[in-house]
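Engineer: build me a structure from this.
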Amino acid sequence: MAGLVLYNTRTRRKESFEPLEPGRARVYSCGPTVYAAPHIGNLRSNLFADLLVRALRLEGLAVTHVVNVTDVGHLTDDADAGEDKVERAAAELGKTAAEIADMYTRQWLSDRERTGCLMPEVICKATDHIAEQVEMVRVLEEKGYTYRIDDGIYFDTSKFPRYADFAHLDLEGQASGARIGDVPGKRNPQDFALWKFPDPKAGRRLQEWDSPWGRGFPGWHLECSAMSSKYLGTTFDIHTGGVDHIAVHHTNEIAQSECCFDVHPWVRFWLHNEFLELRGEKMAKSKGNVTVLDDLVAAGIPPLAFRYFFLQAHYRQQQVFSDEAIQSAATGYDRLVGVAASVRVAAGEVDEGRLAPPRQRFRAAVHDDLNAPRALAIAWEAARSGEVTPAERWTLLREFDAFLGLDLEHAEPRSQTSDSDPRIDALVERRQQARAARDFAESDRIRDELAAEGIVIEDTPDGPRWRRR
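Structural biologist: Purely as a prediction, here's the structure:
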């Protein structure tokens, strides 16, 4: 298959990607629920979506990337029971729901920027699109897909025969309440709320709106369908999110959207990233085993070193986070930045013929379902290569970084990670070039010259490092 190939959750196979509209890709990504600071597991979803956008742009496509901000409607059990997460955080911290949402939205935007994520074309908040959500419920009601109970307006999944297809659900084997909460009056266990009524025993909520069915607030799943259709149309190219969204959130999005808009498929490609794990457990706020980006910064880890860590595993693989792993990634990132810094101003002609093979290998890695680990390895090959000049090396690194997003054009190596001496750095680099050219006599000569000065060279998987005895 030629061109960009992506694993489509909808079909459970890799498929060549072609946009619905020639020259433009329309992408929607499930964004944060802004009730707490995003942890680094949440950031993995952002980095994955950013990697996808970069790959699409490398294909010469204009990209419209829409990311939502959930500031109402996401309940504590991720379904139709419990408290609203934003309202609960507001009560705990003595703030309004709007203040909580604003505080953590700003934190999320800062973390995205610090880890090299491009700004989406549209960032949309659920509370700014209540009218669109109400209208979608009205259309579904008019078409006969809804029913009312004391708790709210619900979608009747029995009227959508394809409901189980996307997540390959066994509906008959699911006991009532096992997956989406036990709400009295529901016709089917998997039915989900479109519009919720406040609990009269709980007092007035901070966030309520008028609707044709009475005051209330939208269900969590509704916002993504309403906002994506507003900015991307009633059918579009790609929807991204975490694997935990497949069985409930994305399944429900598909049901309400295909019924409302009379389309199938609503979205052509669904892409999902795997979890970031901490000591074998999914990182989650509910488990209390979370690390936020500022924790890494406080430990001396640059934010872009976390991006480098992310690039070391494929987005569809679970990735285990540990102090050792992030420290190793920080060291690797620093070394790559050091190489980039040493060749940024290199002068000389660039032989396009010599650059063609590494360019082709890098593009093949990107085309293979965004294979970031392989792409990073090819970037390292270019960084170490003795077959290209320093100017050619920088040309490759700069081009590759359009996908990797490591800011190699501006980042500087951390002085505390290694000794710094331009003359010795240059000799070590010449030795590396000699080794790559299999000129071992010259390589040994340089090593001995440095040894006489008390310099020890350590050859590591990420390249040579030197230190004084």
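
Engineer: measure stretch 402-410 end to end?
Structural biologist: End-to-end span of stretch 402-410 (C-alpha to C-alpha, to the nearest Å): 13 Å.

Engineer: residues contacting the nearest residue to residue 17 once chain neighbours are set aside?
Structural biologist: Using C-beta to C-beta, 6 or more residues apart in numbering and skipping residues adjacent in sequence, the residue nearest residue 17 is residue 4, 4.6 Å away. All C-beta spots, glycine's among them, are computed from the backbone N, C-alpha and C. Contacts for residue 4 (C-beta atoms under 8 Å, 6 or more residues apart in numbering) come out as 16, 17, 55, 56, 59, 366, 367.

Engineer: ok, now how distant is residue 4 from residue 39?
Structural biologist: According to C-beta to C-beta, to the nearest Å, residue 4 and residue 39 sit 30 Å apart.

Engineer: mind giving me the domain ranges of this structure?
Structural biologist: 5-282, 301-312+321-468 (automatic domain parsing).

Engineer: what is the rounded mean pLDDT of the shortest one?
Structural biologist: Translated: domain 301-312+321-468. Averaged over domain 301-312+321-468, pLDDT sits at 88.

Engineer: so how far is it from its chain's centroid?
Structural biologist: Distance, stretch centre to chain centre, for domain 301-312+321-468: 25 Å (C-alpha atoms, centre = their mean, to the nearest Å).

Engineer: show me what secondary structure element comes after whichever strand or helix holds residue 424.
Structural biologist: In this assignment (DSSP states H and E), residue 424 forms part of helix 422-436. Downstream of helix 422-436, the next assigned helix or strand under DSSP H and E is helix 440-452.

Engineer: next, the buried residues of that following helix.
Structural biologist: Within helix 440-452, the residues scored as buried using 16 or more other C-beta atoms under 10 Å are 443, 446, 447, 450.

Engineer: without its sequence neighbours, what residue ends up closest to the second one?
Structural biologist: The reference is to residue 446. residue 431 (4.1 Å).

Engineer: please apply the same query to the first one.
Structural biologist: In space, residue 443 comes closest to residue 434 once its chain neighbours are excluded; the distance is 4.2 Å by C-beta to C-beta, 6+ apart.

Engineer: isn't the one you found right up against residue 442?
Structural biologist: Yes: Residue 434 is within contact range of residue 442, at 4.1 Å (criterion: C-beta atoms under 8 Å).

Engineer: nearest to residue 293, out of the domains of the chain?
Structural biologist: Nearest to residue 293, of all these, is domain 5-282, at 4.8 Å by C-beta to C-beta.

Engineer: tell me how far the closest one lies from the chain's centre.
Structural biologist: 15 Å.

Engineer: who touches the residue nearest to residue 261 when sequence neighbours are not counted in this structure?
Structural biologist: Leaving out its chain neighbours, the residue that sits closest to residue 261 by C-beta to C-beta, 6+ apart is residue 234, at 4.0 Å. Applying C-beta under 8 Å, 6+ apart to residue 234 gives the contacts 257, 261, 263, 266.

Engineer: so what's the residue count around the last one?
Structural biologist: So that's residue 266. For residue 266, the tally of surrounding residues (other C-beta atoms under 10 Å) stands at 24.

Engineer: element containing the closest residue to it other than its chain neighbours?
Structural biologist: Computed as C-beta to C-beta, 6+ apart, the closest residue to residue 266 that is not its neighbour in sequence is residue 257, at 4.4 Å. When elements are assigned from DSSP H and E, residue 257 belongs to helix 251-261.
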